[in-house]
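Q: sequence first, then the predicted structure:
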Amino acid sequence: MEKYKKEHIRVGFWLAFGIVFLIAFLLLGMLDCKWRAWLIVLATGCVFLVIRVKIPVNKIRSTALWAICVCILALSIYFGRSTLSVSFAGDLLNRSVRTVNHIYARFTGTTIFYHAMLNGQPQSYVFGSWKVPEGYRNEMIPLSKSRAYLLTRDSGNHEKVIFQLHGGGYVGVFQNVYNDRALRYSASYEAADVFSLDYRTAPQHLFPAALEDAIEGYQWLLDHGYKAENIVFCGDSAGGGLALATALYLRDQALPLPKMLILASPWTDLSAEGASYSTHLTQDAIFGYPSADMAPRYPVPILYAGDHDLHDPYLSPAYGDYTSMPPMLIQTGSDEILLSDSRTVAEKAKAAGVDVKLIEYEGMYHCFYIATPFIREGKQAWAEIETFIAVHE
């Protein structure tokens, strides 16, 4: 019986050892750690084996030995990363998603997100599925061909409003995550109301359906007492491009413009002709591919465009003229294939005399502060939003 017990413990030890060091080596490779980190982890494993196998230890000493070993591994991985300026959580999320996406692409020929966008969208958003926090009200606003959701705080500032335009490649529908982000936007703008547009999406509704819905939504705000100088456009990805397209249309029609635009990784070039569509193809965690020869002509599906001219500024705002546009804050990740979408708009806006601020976050992925507001870079981005709004009040 004693002999069996010792053998049982030995098998458990080897199993635990194998799992711990397998995870350690996977993280070393995934996080592109420096050779010193590999060496420390390898040396730690060797020393740990010698001590544990050759020297008898009791339960307390064994636990302490494991604790020391895991601490050394964790510190080696954390400080051995090639991008220490990036938060560990952000770095791990970015590289993990990219690795999974690339593995999926090698087996299927396409990425997870590309496949999801081409093969249908979720069911239409079910209003009432989100639990409204205490002290807030959420009202559905019917429009002629779409709808919106007006989130108000009981003790909020009802003269100011955020006009939120969600992302999803013009294919994804409104989701509850945008209700959660509405709370953050409200807090960033003096407890303002938030008007989230649930616009029509492709493939059932092609360009200019989303633009028409956005224009109607903006007009609803004006008709219901909100002044243009108190309306802030906020959009991410396709919603960021839609925010720009809507503002360009309003400017062209000599209609009142919103106070400012807050944009997260805006999709502004559906023609995919920007430099980063090639230079960042293997870096992008969401829309990237393991190699250029595996990537389709349009890494982000352009179902919404239909047969329309991809250089139309109302579809691809990167080709617009930014004269007399309102102030803009654009925040994006340095690893995105859509990076040039943001840079092009920022350069054109700056050349036109627009007050524009572009922030590129090292090692970050598409819409990082919308998807993961809890990481360090996400918190910084939300703080930038609050500051930008306050400065332009």
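A: Sure, I can see it.
Q: off-centre distance for stretch 234-245?
A: Offset of stretch 234-245 from its chain centre (C-alpha atoms, centre = their mean, to the nearest Å): 13 Å.
Q: okay, that stretch in PDB with CA atoms only?
A: Presented in PDB, the C-alpha positions along stretch 234-245 are these (Å, rounded to 0.1, in the frame of the first residue of the first chain):
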ATOM      1  CA  CYS A 234     -19.200  58.200 -30.700                       C
ATOM      2  CA  GLY A 235     -18.500  55.300 -33.000                       C
ATOM      3  CA  ASP A 236     -16.200  52.200 -33.200                       C
ATOM      4  CA  SER A 237     -15.000  50.300 -36.200                       C
ATOM      5  CA  ALA A 238     -17.900  50.500 -38.800                       C
ATOM      6  CA  GLY A 239     -19.700  52.800 -36.400                       C
ATOM      7  CA  GLY A 240     -16.700  55.100 -36.400                       C
ATOM      8  CA  GLY A 241     -16.700  55.200 -40.200                       C
ATOM      9  CA  LEU A 242     -20.500  55.800 -40.100                       C
ATOM     10  CA  ALA A 243     -20.000  58.700 -37.600                       C
ATOM     11  CA  LEU A 244     -17.600  60.300 -40.000                       C
ATOM     12  CA  ALA A 245     -19.800  59.700 -43.100                       C
END
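Q: show me where the stretch 51-200 of the chain has helices.
A: Taking DSSP state H, counting those that start in this stretch, the helices of the stretch 51-200 of the chain run over residues 59-79, 88-108, 112-118, 176-188.
Q: as CSV, those helices with distance to residue 39 and mean pLDDT would be great.
A: Backbone N, C-alpha and C define where each C-beta goes, glycine included. Putting the helices of the stretch 51-200 of the chain into CSV (distance: least, C-beta to C-beta, whole Å; pLDDT from 0 to 100) gives the following:
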stretch, distance to residue 39, mean pLDDT
helix 59-79, 9, 88
helix 88-108, 20, 95
helix 112-118, 34, 88
helix 176-188, 42, 97
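Q: closest to residue 235 out of the ones you listed?
A: Nearest of the helices of the stretch 51-200 of the chain to residue 235, taken as C-beta to C-beta: helix 176-188 at 10.5 Å.
Q: domains in this structure, by residue range?
A: Using automatic domain parsing, the domains assigned to the chain come out as 2-82, 118-391.
Q: most packed of these?
A: Neighbour counts (mean count of other C-beta atoms under 10 Å) averaged over each of the domains of the chain peak at domain 118-391, with a mean of 20.
Q: before we move on, the earlier item: same list (the helices of the stretch 51-200 of the chain) but as JSON lines, adding distance to residue 362.
A: As requested, those are arranged in JSON lines below (distance: least, C-beta to C-beta, whole Å):
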{"stretch": "helix 59-79", "distance to residue 362": "17"}
{"stretch": "helix 88-108", "distance to residue 362": "9"}
{"stretch": "helix 112-118", "distance to residue 362": "22"}
{"stretch": "helix 176-188", "distance to residue 362": "22"}
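Q: got the contact list for the spatially closest residue to residue 354 that is not a sequence neighbour?
A: Counting by C-beta to C-beta, 6 or more residues apart in numbering, residue 325 is the residue found nearest to residue 354 once chain neighbours are left out, at 4.9 Å. Contacts for residue 325 (C-beta atoms under 8 Å, 6 or more residues apart in numbering) come out as 247, 248, 251, 257, 261, 349, 352, 354.
Q: quick one: secondary structure of residue 325?
A: Following DSSP: H, G, I helix; E, B strand; the rest coil, the label given to residue 325 is coil.
Q: got the contact list for stretch 92-105?
A: 27, 30-32, 86, 110-113, 283-286, 288-290, 294, 333, 335, 363-365, 372, 375.
Q: now do the buried residues in it.
A: 92, 93, 94, 95, 97, 98, 101, 102, 104, 105 (16 or more other C-beta atoms under 10 Å).
Q: so which helix or strand takes in residue 234?
A: Using DSSP states H and E, residue 234 maps to strand 231-236.
Q: tell me the strands beside that strand, with direction?
A: If you go by DSSP bridges, strand 231-236 pairs up with strand 157-165 (parallel), strand 260-264 (parallel).
Q: quick one: these as a markdown table, columns for distance to residue 340 and mean pLDDT too.
A: Below are those laid out as a markdown table (distance: least, C-beta to C-beta, whole Å; pLDDT from 0 to 100):
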| stretch | distance to residue 340 | mean pLDDT |
| --- | --- | --- |
| strand 157-165 | 21 | 96 |
| strand 260-264 | 14 | 98 |
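Q: so can I have JSON lines of these showing distance to residue 76?
A: Below are these laid out as JSON lines (distance: least, C-beta to C-beta, whole Å):
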{"stretch": "strand 157-165", "distance to residue 76": "43"}
{"stretch": "strand 260-264", "distance to residue 76": "34"}
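Q: quick one, which of those strands is nearest to residue 56?
A: Of all the strands paired with strand 231-236, it is strand 260-264 that lies closest to residue 56, at 57.8 Å by C-beta to C-beta.
Q: that closest one to helix 176-188, inter-axis angle?
A: 140 degrees (axes from the mean of the first three to the mean of the last three C-alpha atoms, to 10 degrees).
Q: which SSE is immediately downstream of strand 260-264?
A: Where DSSP H and E defines the elements, the next helix or strand beyond strand 260-264 is helix 276-279.
Q: next, the angle helix 88-108 makes with the next helix or strand after that following helix.
A: Scanning forward in sequence from helix 276-279 by DSSP H and E, the next helix or strand is strand 328-333. Angle of strand 328-333 versus helix 88-108, following the same axes, to 10 degrees, is 70 degrees.
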